[in-house]
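Colleague: Okay, here's the prediction I keep looking at, along with the sequence it came from:
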Amino acid sequence: MSKKRSRKPKALDQVRTVIGVAWYRKEQWDRLLEISSDRDNLDDTYEEWKANAEASLPMLTQEGYVPRKIDVDVEELLRWCNSQKLPVDGDSRSRFTWEKLHEEVKTNSGMKTR
């Protein structure tokens, strides 16, 4: 009789980190520029931003991440920043995106929240 080799399930060999990528709406781009304290760090046009964002997706994948586009409503972002007493800047936009991703994962996994 031959011995079976102990092996991890294939899925565990391929565990990768999901990373949220803020995905803005064209019709809200000017509003995002208007409310952002770091406006100089943002692309001037939605088209520039989208081209850069699209180009980042394959790079993130090559680095071992699973990028997931997270729809960001700019007015929701502003309300969230105000409720947290945070400026609308890169750090806050990233944190907001992370929280939206976290909510999405919990919802899709069927986890109960308290």
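Modeller: Right, received. Where do you want to start? Numbers count the residues shown, from 1 in each chain.
Colleague: where along this protein do the helices fall?
Modeller: 10-13, 29-35, 46-62, 74-84, 90-109 (DSSP state H).
Colleague: nearest to G20, of those helices?
Modeller: helix 90-109 (3.4 Å; C-beta to C-beta). All C-beta atoms are positioned from the backbone trio N, CA, C, and that covers glycine.
Colleague: Name the residues that touch the closest one?
Modeller: 18-22, 36, 38, 41, 68, 70-72, 77, 80-81, 84, 86, 113 (C-beta atoms under 8 Å, 6 or more residues apart in numbering).
Colleague: Filter those residues down to the buried ones.
Modeller: With burial judged by 16 or more other C-beta atoms under 10 Å, the buried subset of the contacts of helix 90-109 is I19, G20, V21, A22, S36, R68, I70, V72, L77, W80, C81.
Colleague: Thought D71 was touching the second one, still the case?
Modeller: Right, the one you point to is G20. No. Using C-beta atoms under 8 Å, G20 is not in contact with D71, being 10.4 Å away.
Colleague: and A55, how many neighbours?
Modeller: 9 (other C-beta atoms under 10 Å).
Colleague: which residues touch it?
Modeller: So A55 contacts nothing (C-beta under 8 Å, 6+ apart).
Colleague: ok, R68 - contacts?
Modeller: Applying C-beta under 8 Å, 6+ apart, the residues contacting R68 are V18, I19, G20, V21, L101, E104.
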